[in-house]
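1. Please work out how this folds:
(one chain, ligands or ions: 1)
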Amino acid sequence: MLLRDVEYGDVDAYVRMRCDPAMMVELGGPLPREGMESKVRRDVQRAAAGTDWTKMIVPDEAEPGLVAGTVTLWPHNTDAERMSEIGWMVLPEFQGRGLAKQGVRLLLELARDDGRWGLIHAFPATQNAPSNGICRSLGFRFLGEQDVPFAGRALRTNHWALDPRTDMT
Ligand SMILES: CC(C)(COP(=O)(O)OP(=O)(O)OC[C@H]1O[C@@H](n2cnc3c(N)ncnc32)[C@H](O)[C@@H]1OP(=O)(O)O)[C@@H](O)C(=O)NCCC(=O)NCCS
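-> Numbers count the residues shown, from 1 in each chain. The predicted model follows:
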């Protein structure tokens, strides 16, 4: 497994992840197809600028064109503060193989080595068993439930946080 930066050619993978009702059931429902090209373009530009890290999960190094999912780390602005947030998605045919957990661990290691991300927050839906399991087993601390706006909707989430310099297990 490896992580690589998002590319313009990843639109299809974005559509399969973000416009699919089953994939988005814990994230407030599918997003409109027509926004995906601009979303990929924005993520590629931010990855090139180094402000956001959007990494595609490639399960087999011998097949770099095959994408299983994505892990993203970005600076997140709330009313009160600026903070770092991490999120992840894995396509149905690749789920249950540990790829999300490996991808999240790898990105946290990169963040630790980079040093500028500080405390990293995650907000999986309260019902999302695998995502909450990932947080728990990688060393995130549970801070409580929180309503979070996502793509114009309110999601009931578990708020987790981890300092990659000290908390990773
Ligand atoms: C959530 C998601 C990323 C998990 O991806 P995955 O690659 O299948 O997850 P992993 O195989 O790495 O499993 C992670 C952990 O969850 C556990 N798990 C996996 N599926 C599970 C399930 N259905 N119920 C309970 N636990 C589950 C695994 O055992 C593992 O825990 P462990 O390390 O203690 O054994 C994937 O299902 C997904 O993309 N769902 C739709 C989008 C989404 O909800 N994204 C997350 C937003 S926070």
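
2. What is the burial count for the closest residue to Val58 other than its chain neighbours?
-> Of all residues not flanking Val58 in the chain, Leu2 sits nearest, at 5.1 Å (Cβ to Cβ, 6 or more residues apart in numbering). Every residue, glycine included, has its C-beta placed from N, CA and C. Close neighbours of Leu2, defined as other Cβ atoms under 10 Å, add up to 14.

3. Next: Gln45.
-> 12.

4. Check for me that it belongs to a helix.
-> Yes: when classified by DSSP: H, G, I helix; E, B strand; the rest coil, Gln45 is found to be part of a helix.

5. what ranges do the helices span in this protein?
-> For the chain, helices defined by DSSP state H occupy the ranges 11-18, 36-49, 99-114, 129-138.

6. Need those helices in CSV (columns: distance to Glu81 and mean pLDDT).
-> Formatted as CSV, these follow (distance: least, Cβ to Cβ, whole Å; pLDDT from 0 to 100):
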stretch, distance to Glu81, mean pLDDT
helix 11-18, 27, 96
helix 36-49, 20, 97
helix 99-114, 18, 97
helix 129-138, 20, 97
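
7. now Ala47: how far from Trp53?
-> Separation of Ala47 from Trp53 (Cβ to Cβ, to the nearest Å): 6 Å.

8. who has more neighbours, the two?
-> The neighbour count for Ala47 versus Trp53, taken as other Cβ under 10 Å, is higher for Trp53 (22 against 18).

9. List the residues that contact that one.
-> Contact analysis of Trp53 by Cβ atoms under 8 Å, 6 or more residues apart in numbering lists Asp5, Ala47, Thr72, Leu73, Trp74, Leu107, Leu110, Ala111.
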